[in-house]
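J.: Sequence first, then the predicted structure, then my questions.
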Amino acid sequence: MRNNWVQAWKGYVRVRVDGAYPERFLNRCIEERLSIWKIKRVGDERIVFYMDIEDAKKIRPLLRKTDCKVTFAERKGTPAVLRKVSLRAGFVAGLAACLAVIIVLSNMVWKVEVEGASPHVEHELRQVVAEMGIKPWTFQFSLPSVEQIQRDVTEQVSGATWVGVRQKGTTYQFEVVEQKLPEEAERVSPRHLVAKKKAIIHDIFVEHGQAQVKPNDFVEKGDMLVSGEIGKEGKTEIVAAVADIRGEIWYKSTASIPIERLFTTLTGESKNRHYLSMFNINIPFWGFRSHEFEQVQEFSEQKEFHFFKWTLPLKYTRKEFRETSSYNRTYTKEEAIEEAKRMARVELVSRLPQDAEIIGEKVLHEASENGKVKLKIHYQVLEDITSAQPIIQGD
């Protein structure tokens, strides 16, 4: 069975042989191992068949031996197509240029839309995105990803709580949720203030209510700190207790750190390689030289090409190879203890309220085993210990 793809690539021709005995010509072709197929007789003195263009150049000597006349009726395959194209080079070049211009224009930014923002916030947002390069006549593949744009814009636009970003063809759309100032707080219902944790009272400031504790008092969870009932016997009034009370609370934390640790850092050296990608096949077009880094981290970024509103299978891929350096660090026992204490403090701070303050730290237990230093640490922390307890009034 013939390979049609191979024949189409090489090119073939339809041959018409006229003569008294055209079969002689066919026999000569077979003897010379020329490739012929689809042989068909048309009348007593005519045979039609197909053969490769390369073999068609070899039949001249055979014609002299058989007294036959050959006519090439039709050329097909890639060489024939290229020949036709060359005859219409101007038209093809114009068509290619037109498609290239359309593809280029389809991959540029033409419009930036902002929804849900006041004029002031919209002006601020447009300034921020313009500094990022998101403006008309900018190539889309030179811009950060939509996710990165959303993070940066949300951080930089002070008047917005959240900014959604969507790319729709050649348009970038920004949806803004603005910050809203809280309305004036409503009057608080009558309440007591009780302890939400076991603690020692460190400092207390009562704005409304009657204090039930004083500094250095020990309280359990649920103990009353400030009463919402004020006044003397027979002339009491129920109010919403308001106070700032900080208590000393105790925490225990454990930390473990190996004496030897492997660190990997970036050296600052990098090399970029650029590809055109299609169907998971990367074709490099810039940065052909391979990097000479012994240790490397690879980062990849991919951008799609568009044709009007359609996404093309062609993509632009940039790979960045960053050189890294690894080294082992061996701590002394004192250094390992300090590093373990630092790590334990960072972990504790991540669990504490924002206004909490660490005022004391003491190592309760220290051990070295299996190449690690292990610590058990006691912390003294000041934090707000108040919790509201509503006052339910009877008849």
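T.: Great, that's in hand.
J.: okay but residue 205 is in contact with residue 244, surely?
T.: Yes: if you go by Cβ atoms under 8 Å, residue 205 and residue 244 touch, sitting 4.6 Å apart. Where you see a C-beta, it was placed from the backbone N, CA and C, and this is true even at glycine.
J.: residues shared between the contacts of those two?
T.: Contact criterion Cβ atoms under 8 Å, 6 or more residues apart in numbering; residues shared by residue 205 and residue 244: none found.
J.: how about residue 27, secondary structure?
T.: Secondary structure, DSSP: H, G, I helix; E, B strand; the rest coil: residue 27 is helix.
J.: ditto for residue 44
T.: Three-state assignment for residue 44 (three-state DSSP): coil.
J.: Same check on residue 64?
T.: Three-state call for residue 64 (three-state DSSP): helix.
J.: where's it relative to residue 267, distance?
T.: Using Cβ to Cβ, to the nearest Å, we find residue 64 at a distance of 75 Å from residue 267.
J.: So between these two, which is more surrounded?
T.: Shown here are residue 64 and residue 267; by other Cβ atoms under 10 Å, residue 267 has more neighbours (11 against 8).
J.: Show the contacting residues for the more buried one.
T.: Per Cβ under 8 Å, 6+ apart, neighbours of residue 267: 322-325.
J.: shaky segments in the stretch 251-395 of the chain?
T.: Residue ranges of the stretch 251-395 of the chain with pLDDT under 70: 393-395.
J.: contacting residues for residue 227?
T.: With the criterion set at Cβ under 8 Å, 6+ apart, residue 227 makes contact with 192, 209-212, 241.
J.: Show the pLDDT at the closest residue to it other than its chain neighbours.
T.: Excluding the flanking residues, the one nearest residue 227 by Cβ to Cβ, 6 or more residues apart in numbering is residue 210, at 4.4 Å. The score at residue 210 is 89. That number is its pLDDT.
J.: and residue 210, what does it touch?
T.: Shown in contact with residue 210 (Cβ under 8 Å, 6+ apart): 226-227, 229-230, 241.
J.: Then residue 270?
T.: Each residue near residue 270 by Cβ under 8 Å, 6+ apart is listed here: 320-323.
J.: try it again with 6 Å
T.: Listed by Cβ atoms under 6 Å, 6 or more residues apart in numbering, the contact set of residue 270 reads 320, 322.
J.: Is it bridged to anything, and to what?
T.: Taking DSSP bridges as the rule, residue 270 bridges to residue 322.
J.: How much space separates it from residue 296?
T.: Applying Cβ to Cβ, the value for residue 270 to residue 296 is 9 Å.
J.: do the same with residue 76
T.: Applying Cβ to Cβ to residue 76 and residue 296 gives a distance of 50 Å.
J.: got it, and residue 93?
T.: Counting by Cβ to Cβ, the gap from residue 93 to residue 296 is 43 Å.
J.: These two: who's more crowded?
T.: More crowded of residue 93 and residue 296, by other Cβ under 10 Å: residue 296, with 15 against 11.
J.: give the contact list for the residue lying closest to that one once chain neighbours are set aside.
T.: Nearest residue to residue 296 in three dimensions, chain neighbours excluded: residue 321, at 4.9 Å (Cβ to Cβ, 6+ apart). By Cβ under 6 Å, 6+ apart, the contact set of residue 321 is 271, 291, 296, 298.
J.: Check the residues you listed against residue 113 and report the nearest one.
T.: Taking Cβ to Cβ as the measure, residue 113 lies nearest residue 298 of the contacts of residue 321, at 35.6 Å.
J.: Bridged to that closest one, which residues?
T.: residue 321.
J.: returning to that earlier point: neighbour count and distance to residue 134 for the contacts of residue 267 - can I get that in JSON lines?
T.: As requested, the contacts of residue 267 are exported to JSON lines (neighbours: other Cβ atoms under 10 Å; distance: Cβ to Cβ, whole Å):
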{"residue": "322", "neighbour count": "17", "distance to residue 134": "26"}
{"residue": "323", "neighbour count": "18", "distance to residue 134": "31"}
{"residue": "324", "neighbour count": "15", "distance to residue 134": "32"}
{"residue": "325", "neighbour count": "14", "distance to residue 134": "36"}
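J.: In strands, which of the contacts of residue 227 appear?
T.: 192, 210-211 (DSSP state E).
J.: wait, which of the residues you listed is closest to residue 49?
T.: The closest of the ones in strands among the contacts of residue 227, once distances to residue 49 are taken by Cβ to Cβ, is residue 192, at 106.9 Å.
J.: Return the backbone torsion pair for the nearest residue to that closest one once chain neighbours are set aside.
T.: Nearest residue to residue 192 in three dimensions, chain neighbours excluded: residue 389, at 4.5 Å (Cβ to Cβ, 6+ apart). Phi and psi for residue 389, reported as degrees, to the nearest 10, are phi -130, psi 110.
J.: Residue 389 - how many residues pack around it?
T.: 15.
J.: And it, how far from residue 207?
T.: Distance from residue 389 to residue 207, by Cβ to Cβ: 17 Å.
J.: ok, now residue 20?
T.: 125 Å.
J.: same deal with residue 313?
T.: 68 Å.
J.: cool, and residue 284?
T.: Applying Cβ to Cβ, the value for residue 284 to residue 207 is 70 Å.
J.: All good on my end, thank you.
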